[in-house]
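Peer 1: Below are the sequence and a predicted model for it; my questions follow.
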Amino acid sequence: MKKQEPIIKHWDRAIELVRAGRGYSVAELDEVGLRDIRFARNHGIRVDPLRRTNYRENVQQLEVIAKTIIDSGKPKTKKGGN
């Protein structure tokens, strides 16, 4: 699975332009449930602490990434009873 890059939107003469960003904003990480920036960076998520925007597209990308990180961190328990 290729990691998608965060996007940045800006306007130029009434045209919305979209480009790749340096990292996800703290607000986007917080909305997904990743409140610790160091934890996110240690798992390969790029963070741009200077950004203040919160784009829905970025949050949707982060939801998929965060789910895999959180699921991989859960301990495996055996079902059965010995």
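Peer 2: Arrived safely, thanks for sending.
Peer 1: Just to check, N58 is in contact with I7?
Peer 2: Yes - counting by C-beta atoms under 8 Å, N58 touches I7, with 6.3 Å between them. Glycine gets a C-beta too; all of them are placed from N, C-alpha and C.
Peer 1: who's more crowded, these two?
Peer 2: N58 (25 against 15; other C-beta atoms under 10 Å).
Peer 1: quick one, phi/psi of that one?
Peer 2: phi -70, psi -40 (degrees, to the nearest 10).
Peer 1: Against A27, how distant is it?
Peer 2: 10 Å (C-beta to C-beta, to the nearest Å).
Peer 1: Ok, R19 next?
Peer 2: For R19 relative to A27 (C-beta to C-beta), the value is 19 Å.
Peer 1: between those two, which one's more packed in?
Peer 2: A27 (14 against 9).
Peer 1: does the more buried one count as helix, strand or coil?
Peer 2: helix (DSSP: H, G, I helix; E, B strand; the rest coil).
Peer 1: Surely it and N54 touch.
Peer 2: Yes - with contacts counted by C-beta under 8 Å, A27 reaches N54, the gap being 4.3 Å.
Peer 1: backbone phi and psi for the residue sitting nearest the centre point of the chain, please?
Peer 2: Geometric centre of the chain, nearest residue: L62, 3.1 Å, by C-alpha atoms, centre = their mean. Phi and psi for L62, reported as degrees, to the nearest 10, are phi -70, psi -30.
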